[in-house]
Structure formats: C-alpha cells, structure tokens
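*Asks:* I would like the atomic coordinates for the input below:
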Amino acid sequence: MSSNLNVRLSLSHPFIPSATHLEEPYYALLDIQPVEDSGGANRPPLNLVIVLDDSATMHHFQFTDEEKEYWMGLAISRDEIERGSADNRNAVYWKGQTLKEMRAAAVTPMALATQAIKQLLNTLTPSDRVSVVIFADRLHTLFGDQDWSAFPNRCLENLDALREQRLGVDIGTGTFMADAITQAGETLARNTSPYSINRLIVITDGIVQDPAVTLQRVTDVQERGYAITTIGIGEEFDEEFLIRIADNSRGEYHYAADTTELVECLKREVTSLQAVAVTDMYMAVRGLEGAMVKEAFLVRPSMSLFDEIYTEDDWIRARIGDVSSAAPVGVLVQFIPAYSSPGQHMVAEIQLTWSYASAVTGSGKGNEKTVVTAEFTSDRDKVALVNAPVMDLVDRFTVYKYEREAQRAQERGDFELAKDKLGAATKQLHKLGEKDLAQDMEQQMATIGKSGGGDTVRLKRIKSTTRRLANTNTNTDPDRLF
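*Replies:* Numbers count the residues shown, from 1 in each chain. Next up, the predicted model:
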C-alpha cells in the first residue's frame, strides 16, 4: 500500500469569461491515481467475508425455453418432478435419473459461484483471511478464516458439498440476508488489523425477503467503516437493492447477466482489492473568491451520486472509500465562477485525506490539498475553447443522472416523467456514439407503465452499463482542447 497519490486536475473550460455574471456551471475533473509500491509482495493482507445466497433458486438450472420444455417432458414421463416454492415464487424440483442427467448437461448459479470462489481462493496468500457464510431461511458458516488457514482442502470439499446439495445442513430455501450480514460484519471486525484491506462480498440471485432489516444491518456494518460489494446473478434479483447497499457503503456493484459471467465479476473485484493503495479516503471541496461549488459526482471506477454529503462552513464533504491502483478514482466537481476581473483567480479548494498501511513503511495518514485556478479573460476565442474529454465525461454522467431520475420517477408511479428522462438519456447516448445502450433504453421506454415491466435482463444491463459509462470513453487525454 502506498502513501503517495498522483492527483491530476483538469477544467472543462480552461478560460472563463471575465466581468460576467455566470449562471451555467463549469466543471473540474479530479483524477486520483495511487503510486504503486514496488513489488506486490508488500501488499496488505485481505480480510474477506463472502456472503453467499443458498436459496433454492441458486440450485436451479439455467435453460433456454426449448431446453426447459425438453427436460420438463422427460421428467413428467418418468414421474421425477415435484412442484413447490422458492423465494416466495412457484418452483419446480427435479429428482431421480432426470436430475442426474441435468447435472451432467447444465450448470446452476451455485455451481458457478463455488467455482468462482475456488478461483478466488487460489489467488490468496497465507496472510490473507477469508470466510464464507451461506444464507437462506437461516445462516450457516461454510468455513471460517481459521478453517481456511488450517484445513484448506476441507474447505474446498465443503464448497463441493454445497454445490451438490449434500452439505448435511438444512437452512431452508428462502432469501433472508440480515443475520448473515451481521455475522459477516462481526467476522470482519474480529479479523481487522491496522494493515488489512477489509471487504464483505454478497453474491445472490434472488429478491431479499427481509429488506428493511437487512438495510439496517448493512448500516451497522457501514458505520464500522467496511465496504460491501454486491454481485447479482441472472434476472430475478432486485438490482436497486444491491446498488443501494454497494453505493451507501462505497463498495462496488457487479451484474452477472448469466452464471458464466460470475467468475469474471469476482475476479475483477479481487484484482482491485489486491491493488488497494489507500483506504477510507474523504474529499472536502469549497468555492474560493466568490465561486460557488454546487455538487460533486463520482465518475470512476463507476458512476455514483454521493448519497452522504456533509456540508459545513461552505465545505462539501464526501466519502470516496478505498482507492485501488487497478481502478483509479475520478471525481467531477461542479461550480459556478464569480464575477471576476481578467487574470488568474482561485475558484475552488479540494482537500483529500486517507489512511495507508504497508508491511515496510507501517501505517499512517495522508492528505493533499489542491487549489483550482482558472484564467478569466474577455478574449472570445479563448473562452470558446472546451476540454473535450472532460465535457465528454460530463455528458456521460448526465446520462447516468437521467437514468437514476427515471428510476425514481417510475418508483413514484410517474411514468411519463420516467419516459421523458430516459428519452433525454437516449438522445445524449446517440450523440456519444453509444448506440447499443441507446437502443436498450429506447426499447425499455416502450415498456414503462405496462404490466410485466419489460425485459428484466435488458433493464439490469442498462443500469450496469450506465454506471460504467465513463470507462467506455476513448477520449483519455484531459489536456486535449477543442
């Protein structure tokens, strides 16, 4: 872990009109890139707890309609099918020879989840700590960090038993997450050291049946300073619930459209954690010389509105969280310049504070102050100059804001406003050249307010892709002007 950061500042407009009362906002892009330590051997230990959904749907096979029809006909002819419920929904349970043949021909979300966890375990070092907690109607610790340290082969066997539903422990078939979150938080706290990178990772394919209690338990974990990463699988989970958990705790939200993408999601998350360079970063920003800071937005590694912004003494404060050299942070600061004379003027001050730890240098605190200055001029040619890459990010974040506003409007039942917001987002996407996402949004607009709600896979793809829209920006040089 490093105590040093490369902080780069770029303005959306390098020149601002002088002697002018301005109403339109300007933007400052803050790129935060940690300086990597030489050699990965000095990286801090990971302290991980994986909370894994073991509800009935995690063991359901993923089939196309044609495949489902084939297996259904075969099972009925053999009398090897039972009907029941899972996650408060109708479900089909296979048995006998049909079940054996299906296991040989297809995979379940649980099979891919256990495979992904095994691959994660192979990347860990002896100093890393990891536990796996499973939940359905009740919770069960599949293995703890001491089990992994002392008996790794037994832990791998437990994962196999979980996959094959021969664990010998009955925790039901529902999706009650709250108690598992509490236990995971307690485990993280017990294993936290001054040097550890701590993360709770939730993997689920269903709709949580105790959402209010779960959110309270999430708040308890969050208040201890722990981030929660959520991974949703398939098309039945509540993505808004998982996004809220991740954003509120400054974790990450990942969407695995099908089970085959789960391994990649977990790999991407762990790679980022292994490269975490600073932890618990906070940002404070205020206007100077009469300039007014309006808002701050997180644009990288994924887009997010800072849900918890504390304002005092003209400062806007927000928690950024952990910063990885594998996933640098980008923040957009929106400000309105003051009426100013020609020349250089300060428009904002940004302060960053963070913690760091290293096996070599020990632990400590870091801080950096950046003053944003701009040149005010009456030269119209200079005023017309625009920093295209920064404005491209602003436009992409505008798409994200429209999508979020559409979601909130739809939740209130204001379907016309939701359509208007998605329509505005679609127009912006066409200008940006993001044709696939624009087409998805156009198709989704047609389903708003109608029974069924449209294609759930498409809806989840829209939300996941929009959050990472900054990562598709090919204009990477913030000094490039147009």
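
*Asks:* partners of the least confident helix or strand in the chain by mean pLDDT, with directions?
*Replies:* One helix or strand of the chain scores below all others by mean pLDDT, DSSP states H and E: strand 89-94, with a mean of 75. Strand pairing for strand 89-94, determined by DSSP bridges: strand 81-86 (antiparallel).

*Asks:* could you find the closest non-adjacent residue to R468?
*Replies:* Closest residue to R468 apart from its sequence neighbours, by CB to CB, 6 or more residues apart in numbering: S302 at 5.3 Å. Backbone N, C-alpha and C define where each C-beta goes, glycine included.

*Asks:* can you tell me the SS state at the one you found?
*Replies:* coil (DSSP: H, G, I helix; E, B strand; the rest coil).

*Asks:* for the least confident helix or strand of the chain, which positions count as buried?
*Replies:* Of the residues in strand 89-94, Y93, W94 count as buried by neighbour count, 16 or more other CB atoms under 10 Å.

*Asks:* now it: how far from the chain's centre is it?
*Replies:* Distance of strand 89-94 from the chain centroid (CA atoms, centre = their mean, to the nearest Å) equals 31 Å.

*Asks:* following that strand, which helix or strand comes up?
*Replies:* Per DSSP states H and E, the first helix or strand lying C-terminal to strand 89-94 is helix 96-105.

*Asks:* which strands and helices lie in contact with that following helix?
*Replies:* Helices and strands touching helix 96-105, by 3 or more CB pairs under 8 Å, 6 or more residues apart in numbering; DSSP states H and E, are helix 65-78.

*Asks:* so what's the gap between the helix it packs on and the chain middle?
*Replies:* 38 Å.

*Asks:* repeat that for stretch 427-435.
*Replies:* Relative to its parent chain, stretch 427-435 has a centroid offset of 23 Å by CA atoms, centre = their mean.

*Asks:* pLDDT of it, averaged?
*Replies:* Averaging pLDDT along stretch 427-435 gives 97.

*Asks:* CA atoms of it as PDB?
*Replies:* C-alpha atoms of stretch 427-435 as PDB (Å, rounded to 0.1, in the frame of the first residue of the first chain):
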ATOM      1  CA  LYS A 427     -30.600  11.400 -27.200                       C
ATOM      2  CA  GLN A 428     -27.400  12.000 -25.300                       C
ATOM      3  CA  LEU A 429     -26.300   8.400 -25.900                       C
ATOM      4  CA  HIS A 430     -26.700   8.800 -29.700                       C
ATOM      5  CA  LYS A 431     -24.600  12.000 -29.600                       C
ATOM      6  CA  LEU A 432     -21.900  10.000 -27.700                       C
ATOM      7  CA  GLY A 433     -22.000   7.100 -30.200                       C
ATOM      8  CA  GLU A 434     -23.300   4.600 -27.600                       C
ATOM      9  CA  LYS A 435     -25.800   3.000 -30.000                       C
END
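
*Asks:* pull the residues that contact the least confident helix or strand of the chain.
*Replies:* 56-57, 60-61, 71-72, 75, 80-85, 102 (CB atoms under 8 Å, 6 or more residues apart in numbering).

*Asks:* which of those are buried?
*Replies:* Using 16+ other CB under 10 Å as the burial test, the contacts of strand 89-94 include A56, T57, H60, F61, W71, A75, E80, I81, M102 as buried.

*Asks:* touching, the fifth one and D65? I think so.
*Replies:* Spelled out, that is W71. No: using CB atoms under 8 Å, W71 is not in contact with D65, being 11.3 Å away.

*Asks:* list phi and psi for T229.
*Replies:* phi -100, psi 140 (degrees, to the nearest 10).

*Asks:* for V107, same thing?
*Replies:* Per degrees, to the nearest 10, the backbone of V107 is at phi -120, psi 160.

*Asks:* where does pLDDT dip in the chain?
*Replies:* 1-3, 36-41, 86-89, 259, 308, 358-362, 451-454, 473-482 (pLDDT under 70).

*Asks:* can you show me the helices along it?
*Replies:* Ranges of helices in the chain, per DSSP state H, are 65-78, 96-105, 109-122, 145-150, 152-163, 178-191, 211-223, 239-249, 262-274, 380-383, 388-411, 415-432, 435-445, 456-467.

*Asks:* right, so of these, which gets closest to A318?
*Replies:* Closest to A318 of these is helix 239-249 (CB to CB; 11.8 Å).

*Asks:* show me what that closest one is packed against.
*Replies:* strand 197-204, helix 211-223, strand 227-233, strand 253-256, helix 456-467.

*Asks:* give the pairing partners of the third one; include direction for each.
*Replies:* Its sheet considered, strand 227-233 pairs with strand 197-204 (parallel), strand 253-256 (parallel) by DSSP bridges.

*Asks:* now, of these, which is deepest in the fold?
*Replies:* strand 197-204 (a mean of 26; mean count of other CB atoms under 10 Å).

*Asks:* distance of L46 from I197?
*Replies:* 5 Å (CB to CB, to the nearest Å).

*Asks:* shared neighbours of these two, anything?
*Replies:* Joint contacts of L46 and I197 (CB under 8 Å, 6+ apart) are L273, Q274.

*Asks:* reformat the helices of the chain as a markdown table; add distance to R286.
*Replies:* Shown next, in a markdown table, are the helices of the chain (distance: least, CB to CB, whole Å):
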| stretch | distance to R286 |
| --- | --- |
| helix 65-78 | 57 |
| helix 96-105 | 60 |
| helix 109-122 | 41 |
| helix 145-150 | 43 |
| helix 152-163 | 50 |
| helix 178-191 | 34 |
| helix 211-223 | 26 |
| helix 239-249 | 24 |
| helix 262-274 | 30 |
| helix 380-383 | 25 |
| helix 388-411 | 20 |
| helix 415-432 | 30 |
| helix 435-445 | 35 |
| helix 456-467 | 28 |
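
*Asks:* any idea which of those gets closest to P14?
*Replies:* helix 380-383 (7.8 Å).

*Asks:* name the residues of the closest one that come out as buried.
*Replies:* V383.

*Asks:* which strands or helices does that helix pack on?
*Replies:* Counting contacts by 3+ CB pairs under 8 Å, 6+ apart, helix 380-383 is packed against strand 15-17.

*Asks:* and the strand it packs on, which strands flank it?
*Replies:* Strands flanking strand 15-17 in the sheet, each with its direction: strand 362-377 (parallel) (DSSP bridges).

*Asks:* of all the helices of the chain, which one is nearest K369?
*Replies:* Nearest of the helices of the chain (CB to CB): helix 388-411, 21.2 Å.

*Asks:* which strands or helices does the closest one pack on?
*Replies:* strand 5-11, strand 26-34, strand 292-300, strand 329-336, helix 415-432, helix 456-467.

*Asks:* reformat these as CSV; add mean neighbour count.
*Replies:* Shown next, in CSV, are those (neighbours: other CB atoms under 10 Å):
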stretch, mean neighbour count
strand 5-11, 17
strand 26-34, 21
strand 292-300, 20
strand 329-336, 22
helix 415-432, 18
helix 456-467, 19
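
*Asks:* can the ones you listed go into JSON lines with extra columns for distance to D322?
*Replies:* As requested, these are exported to JSON lines (distance: least, CB to CB, whole Å):
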{"stretch": "strand 5-11", "distance to D322": "13"}
{"stretch": "strand 26-34", "distance to D322": "10"}
{"stretch": "strand 292-300", "distance to D322": "13"}
{"stretch": "strand 329-336", "distance to D322": "9"}
{"stretch": "helix 415-432", "distance to D322": "29"}
{"stretch": "helix 456-467", "distance to D322": "17"}
